[in-house]
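J.: What follows is a protein structure lacking sequence information:
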């Protein structure tokens, strides 16, 4: 039968359950923090360290940050960092290493996004250039299309030139010229003024001159 938990154990359990509310730990003993802080998330652990003023919690939190680093970036990345620190004979806190690595990853992601964006813009510009080149070769959109899908404009131009040529040949033919000459003569006859005659066969001028003839003068005896 398990023993009755001590008052300290009960307090630790209560703190762990409410770890999201944990802030400044003050002068809490490290052996108690070693039981409490492993239950914190990255944000919660950051908040505890930032809230605890005048005390370095890295003797407890350093291993926790190393685990966070390994969990997010892999064990190989941890080994590379440890090897580099040995070669350079320097030591950094794992919170600093985690923050630097996170910033490096974010910068790489931003550069990758920028490259992808630039590539997309270049492809869009190439497509736009090809569209402009095609538009200069394609006839205007206002041109109709024939029933079979061919350009209506080219067909209509061909038909128009053929009709013009046939019309010129027709107008220059001898039959049309003869017909035009006959029509001109008929028009001239229609527009000429006929001489007006009376039933007796005398013209109006003769009649008027006759009416003006005076009778012979009588002789005076």
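T.: Cool, the structure landed. Keep in mind that this is a model prediction, so the values were computed, not measured.

J.: What is the helix or strand containing residue 117 packed up against?
T.: Take DSSP states H and E as the rule and residue 117 turns out to sit in helix 94-137. Contact partners of helix 94-137 among helices and strands, from 3 or more C-beta pairs under 8 Å, 6 or more residues apart in numbering; DSSP states H and E: helix 58-73, helix 75-88. All C-beta spots, glycine's among them, are computed from the backbone N, C-alpha and C.

J.: Could you dump those into JSON lines with mean pLDDT added?
T.: Formatted as JSON lines, the helices and strands packed on helix 94-137 follow (pLDDT from 0 to 100):
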{"stretch": "helix 58-73", "mean pLDDT": "95"}
{"stretch": "helix 75-88", "mean pLDDT": "94"}
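
J.: mind checking which of those helices is nearest residue 29?
T.: Closest of these to residue 29 is helix 58-73, at 10.2 Å (criterion: C-beta to C-beta).

J.: Now that closest one: buried residues?
T.: 60-62, 64-66, 68-70, 73 (16 or more other C-beta atoms under 10 Å).

J.: where does the protein dip in pLDDT?
T.: For the chain, the stretches with pLDDT under 70 are 1-2, 133-163, 165-167, 170-171, 173-221.

J.: can you rerun that using 90?
T.: Residue ranges of the chain with pLDDT under 90: 1-5, 105-106, 108-221.

J.: domain assignment for it?
T.: 1-55, 75-138, 146-178 (automatic domain parsing).

J.: so can I have CSV of these showing mean neighbour count?
T.: Formatted as CSV, those follow (neighbours: other C-beta atoms under 10 Å):
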stretch, mean neighbour count
domain 1-55, 13
domain 75-138, 11
domain 146-178, 10
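
J.: Closest to residue 40 out of the buried residues of helix 58-73?
T.: For the buried residues of helix 58-73, the nearest to residue 40 is residue 64 (7.6 Å; C-beta to C-beta).

J.: show me what contacts the closest residue to residue 66 other than its chain neighbours?
T.: The shortest distance from residue 66 to any non-neighbouring residue, by C-beta to C-beta, 6 or more residues apart in numbering, is to residue 94 (4.3 Å). Residues near residue 94 by C-beta atoms under 8 Å, 6 or more residues apart in numbering: 62-63, 65-66, 68-69.

J.: on that earlier part again, now render the helices and strands packed on helix 94-137 as JSON lines, adding distance to residue 32.
T.: Compiled in JSON lines, the helices and strands packed on helix 94-137 are given as follows (distance: least, C-beta to C-beta, whole Å):
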{"stretch": "helix 58-73", "distance to residue 32": "10"}
{"stretch": "helix 75-88", "distance to residue 32": "27"}
